[in-house]
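>>> Pasting the sequence and the predicted coordinates here, then a few questions.
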Amino acid sequence: MKHEPDVILSTEGLGKSFDGLRANNAIDFTLRKNRVHALIGPNGAGKTTFVSMLIGRLAPTDGAIWFDGQNVTEMPAHRRVALGMGYTFQITSVFSRLSCHENVALAARRKAGRGKGEVEAVVADALARVGLGERAGEVAGDLSYGHQRLLEIAMGLASAPRLLILDEPTQGLAESEIAAFKALIRALSAETTILLIEHNMSVVMELADEITVLNFGEILAHGTAAEIHANPAVQAAYLGTETA
Amino acid sequence: MTRKDLTLHLGLVALLFALHFILPAYHHGIFARVMVLAVYAIGYNIAFGYTGLLSLGHAMFFAAGMYGMGLVSYHFGVPALPAWVIGVACAAALAFVVGLLALRTQDVSFMIVTLMFAQAAYLIILYFSEVTRGDDGFVIPGALRAIGPFDLSDEGTRYIVAWILFSVALLFSLWLVRHPFGRVLVALRENEERARLLGYDTGRRKLASLVISGTISGAAGAAYAGLFGYVGGSFAGVQYSIFALLWVLLGGAGTVLGPFVGALFMFYLIDLATEVTEAYMLIAGVVLVLLTLFAPQGIVGEIRRRLWKDLP
Amino acid sequence: MDFGPYLMLAMLEGAVLAAVLALMASGLSLVFGVMRVVNVAHGEFYMLGAVMAWVVTQFLAGLGGGAAVNFIAAAVLAPLIVGAIAAAADVTILKRLDYDPERVIVATIGLLYVIQQATLMGYGPDAKPVVAPFNQRLALPWFEFGEDGFQMYYPWGLSTTSYKLFVIVAAVVLLFALRLFMTRSRAGLIMRATQLDRDMATAFGIPVEKVYALVFGAGAALAALAGVLIVPIQQAHYLMGGDALLLSFIVVIIGGLGSLAGTVVAAVIIGMSDGIISVFFTPTLAKIIATLAVALVLVFRPQGLFGVKTR
């Protein structure tokens, strides 16, 4: 699988145990290029554990992770990012005492060979795309919660990743903000691959080309939005815990 | 870098040069000393103020420079300038080794580990007293304290050399914190995990920051030995590590001008206190407590907060 | 003296140091365990205990009290006074810093100098003795298998004093009492609850702020008590807190931060080995080895040698 040219990321038998507790078990997962792929599942299904292993914040207990044909299982997080993985935190994590511009510039500068002018252009573009162009000079910590989430996404954009992992990006956003977010992801999906960990089913159903469902740390189902919607096992897993 | 920043910092450099011709002898001497000590604080500020590495052991870097320079002069008669370079190299090497070990820890553990390493360094100086002359220290022979035709024990030369060193360190730190590398250090201070997930190798950046910081501190220590001719164990003691913290906190951690402002204020404060009591460190203690309670930003930090938002 | 008796003497001296160190370090450990802050001024509370012991005994001697009564009064009053000073420092300084670990360290460094230098101003730069309540010299026997078979004799110089033995016994009793207090009493339970989860403790109506002030005071009082016990052996000096602080740090780190049992074990090891090592090495070399070792323990085994990695 990992050698197929249209696959950007795959895992083989990925697992994670915490003190004997099995959080993820034998996950074989394939992510195709230029798709929006959603990862869903009830609370405690192991989604955050899974993406934390993908980006390198957690070391897997067993299994392997391949990114763009390269085994990255042992690679530290910063090198995975350098290879082209981008990540936005579930709990907002911006540099709250720095300006919005500086937040995004830190993300933009990391790519080698970018001159000052190019960085400025990338920052301006990323801020404009999430609708924070007017607020470049404001201190990030002073922004509203929704705007801080958008700033996170702008930081993700500015690092121009080939794979952007968004961990619960719409959590805590207002309805109007969610609509703008959907439009943004739709536009983005043309240029990069997106792995979306999401609770909000309307976002998932509208945006995702493919959906993988995680339950009790294992893959329960995989398919298109329509297939997942009709899958009885998924419905059973969600019954009572989520309104699909 | 904005023109306003540059004007301000170059203005200070020019002012200090002008003071060379104006200051009465006593204050002229104090300013020369403060400029060298401010270089030590500038070094400390890069680790603590900009990168958020709260070290309690920077005296070991200052002392590494001082002893590296002093010992080769004293024992082998190496002239001032090459001896200074050797001192700086010693500090850089020490900072590298200490960084490799200590940076495996964080926060409070990092403070204690640096404190312990510095204490060990201090004790090593005492232990090898046949070489280092222990607590008493030694005086570098006057004949060696010269750079070419310039006699470093001459007060005018001493002031100018201190001024050159200070100016270079100040402008270097201004350049560094405006440079993308320096911006990443600030990012580490603010949110290390986020910086890592933007793709920065945080471990290497912190090590680089500590080495730069230790090297500048060592450059100050080596210069102090050359300019004032005395090398002694007290400069390696805990108190000297605390001084660096005190000056930077008082002046404003994470500001380019803070280290100088803090060192200058504190030096005069302690100078006044010694005239009244032998318990002059009481002042240092009181200032530390008051700063943590009421002005964690320090003098320049408060100016930045209230008056000049973009002050580096 | 032969090697055997000499070693025994070193171990006895080591045991006295271990006893005092265990008391002092449990104070540091208690504060770290419950409040999660490192008190850099801890050594100064130890010094203050010793100085207060001198002040109290001097005052009472002026009233014509006997050595034993004076010492007992000092052992009660000095820890109380020092504990009260520390509790006041907690309320006026540490509480306002919201117990932020780094800022507390900086503030307690300041406090260290304030206490030390104020003592220098009020008490002076000289070391001053306190008379022990009792101080009989006890010659100790040694034995050997000579030509006449097993025999016991009293080698010259192998002796201790009744007071030193008392210090060891007193420390053991006090540490047991402390342990009982922490595990059995209601106050101890409250402290441990606060240690586990500050917010939860608040939610259950535990007055966390009062608990913190009491714990900080109690930690300082333990250090002061150690100071009172040592002062008939060592004399009171305004700079005596520095070395004591360093040794307590070493003990607490080796024992595992915040673990009382580990602290006591480590105090015995450090105290005894300090006594024994200084037989073979100079004290400076022993200190270099100890400080480097403790730094490396923190780097490579941060849970301490006896700590468990969980939590």
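Structure received.
>>> Neighbours of the nearest residue to residue B:25 once chain neighbours are set aside, how many?
With sequence-adjacent residues excluded and distances taken as C-beta to C-beta, 6 or more residues apart in numbering or on different chains, residue B:25 is closest to residue B:155, at 7.4 Å. (Glycine included, C-beta is placed from N, CA and C.) Residues within reach of residue B:155, counting by other C-beta atoms under 10 Å in any protein chain shown, total 13.
>>> what does residue B:13 give?
16.
>>> ok, the residue nearest to residue B:25 - contacts?
B:25, B:28, B:29, B:32 (C-beta atoms under 8 Å, 6 or more residues apart in numbering or on different chains).
>>> Next up, the contacts around the third one.
It stands for residue B:29. By C-beta under 8 Å, 6+ apart, the neighbours of residue B:29 are residue B:155.
>>> how much space is there between it and residue B:61?
25 Å (C-beta to C-beta, to the nearest Å).
>>> So for stretch B:47-58, what gets flagged as buried?
For stretch B:47-58, the neighbour count (16 or more other C-beta atoms under 10 Å in any protein chain shown) marks B:47, B:48, B:49, B:50, B:51, B:52, B:53, B:54, B:55, B:56, B:57, B:58 as buried.
>>> Please list which of those residues are also close to chain C.
Among the buried residues of stretch B:47-58, the residues within reach of chain C (C-beta under 8 Å from any C-beta of the partner chain) are B:54, B:56.
>>> out of the buried residues of stretch B:47-58, which one sits closest to chain A?
For those, the closest approach to chain A (C-beta to the nearest C-beta) belongs to residue B:52, at 11.4 Å.
>>> excluding its backbone neighbours, what's nearest that closest one?
Among residues not flanking residue B:52 along the chain, residue B:189 sits closest, at 3.2 Å (C-beta to C-beta, 6+ apart).
>>> In what element of secondary structure is residue 8 found?
No chain specified, so I'll use chain A. Counting by DSSP states H and E, the element that carries residue A:8 is strand A:7-18.
>>> Not quite, go with chain B.
Take DSSP H and E as the rule and residue B:8 turns out to sit in helix B:3-22.
>>> I figured residue A:8 was touching residue A:33, is that so?
Yes - counting by C-beta atoms under 8 Å, residue A:33 is a contact partner of residue A:8 at 4.8 Å.
>>> who has more neighbours, those two?
More neighbours surround residue A:8 than the other of residue A:8 and residue A:33, with 24 against 15 (other C-beta under 10 Å).
>>> Can you name the residues that contact the more buried one?
Going by C-beta under 8 Å, 6+ apart, residue A:8 touches A:31, A:32, A:33, A:67, A:68, A:162, A:163, A:193.
>>> residues from the stretch 51-200 of chain B in reach of chain C?
Contact residues, the stretch 51-200 of chain B versus chain C (C-beta under 8 Å from any C-beta): B:54, B:56, B:101-102, B:104-105, B:107-109, B:111-113, B:116-117, B:119-120, B:123-124, B:126-127.
>>> are any of those residues buried, and which?
B:54, B:56, B:101-102, B:105, B:108-109, B:111-113, B:116-117, B:119-120, B:123-124, B:126-127.
>>> what packs against the one helix or strand residue B:183 maps to?
In this structure, residue B:183 is located in helix B:180-190 according to DSSP H and E. Counting contacts by 3 or more C-beta pairs under 8 Å, 6 or more residues apart in numbering or on different chains; DSSP states H and E, helix B:180-190 is packed against helix A:100-109, helix B:155-178, helix B:192-196, helix B:202-228.
>>> Quick one, which of those helices gets closest to residue C:54.
helix B:202-228 (39.2 Å; C-beta to C-beta).
>>> Please pull up the helix or strand immediately following the closest one.
In N-to-C order, the element after helix B:202-228 by DSSP H and E is strand B:230-231.
>>> Could I get the average pLDDT for that following strand?
Strand B:230-231 shows a mean pLDDT of 88.
>>> In the chain, where is pLDDT below threshold?
I went with chain A, as the question did not name one. Low-confidence segments of chain A, defined by pLDDT under 70: A:1-3, A:112-114, A:239-244.
>>> try again with chain C
C:1-2, C:144-149, C:155-158, C:257-258, C:275, C:278-279, C:304-311.
>>> now the helices for it?
C:3-35, C:42-62, C:67-89, C:101-123, C:162-184, C:186-196, C:198-203, C:208-234, C:241-255, C:260-280, C:283-300 (DSSP state H).
>>> Just send those helices back as CSV, with mean neighbour count and distance to residue B:246 too.
Below are the helices of chain C laid out as CSV (neighbours: other C-beta atoms under 10 Å in any protein chain shown; distance: least, C-beta to C-beta, whole Å):
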stretch, mean neighbour count, distance to residue B:246
helix C:3-35, 23, 23
helix C:42-62, 25, 17
helix C:67-89, 20, 19
helix C:101-123, 22, 9
helix C:162-184, 16, 36
helix C:186-196, 16, 32
helix C:198-203, 13, 30
helix C:208-234, 25, 23
helix C:241-255, 24, 17
helix C:260-280, 20, 31
helix C:283-300, 19, 23
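>>> Could you list the low-confidence segments of chain B?
Ranges of chain B meeting pLDDT under 70: B:1.
>>> how about stretch B:248-262 as CSV, C-alpha atoms only?
Presented in CSV, the C-alpha positions along stretch B:248-262 are these (Å, rounded to 0.1, in the frame of the first residue of the first chain):
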residue,chain,number,x,y,z
VAL,B,248,17.9,41.0,34.1
LEU,B,249,14.7,40.8,36.2
LEU,B,250,15.2,44.3,37.4
GLY,B,251,16.0,45.8,34.0
GLY,B,252,13.4,43.7,32.2
ALA,B,253,13.7,40.1,31.0
GLY,B,254,13.3,39.7,27.3
THR,B,255,14.3,43.3,26.5
VAL,B,256,17.5,44.3,24.8
LEU,B,257,18.2,47.3,27.1
GLY,B,258,17.0,45.5,30.3
PRO,B,259,20.3,43.9,31.3
PHE,B,260,22.2,47.2,31.2
VAL,B,261,19.6,49.1,33.0
GLY,B,262,19.3,46.4,35.7
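>>> That stretch near chain C at all?
Yes - Stretch B:248-262 reaches chain C (C-beta under 8 Å from any C-beta) through residue B:249.
>>> Could you chop chain A up by domain?
Domains of chain A are assigned by automatic domain parsing as A:1-84+A:162-174+A:191-244, A:85-160.
>>> rewinding a little: select from the contacts of residue B:155 every entry located in helices.
B:25, B:28, B:29, B:32.
>>> So which of the residues you listed wins on neighbours?
Ranking the ones in helices among the contacts of residue B:155 using other C-beta under 10 Å puts residue B:32 first, with 25 neighbours.
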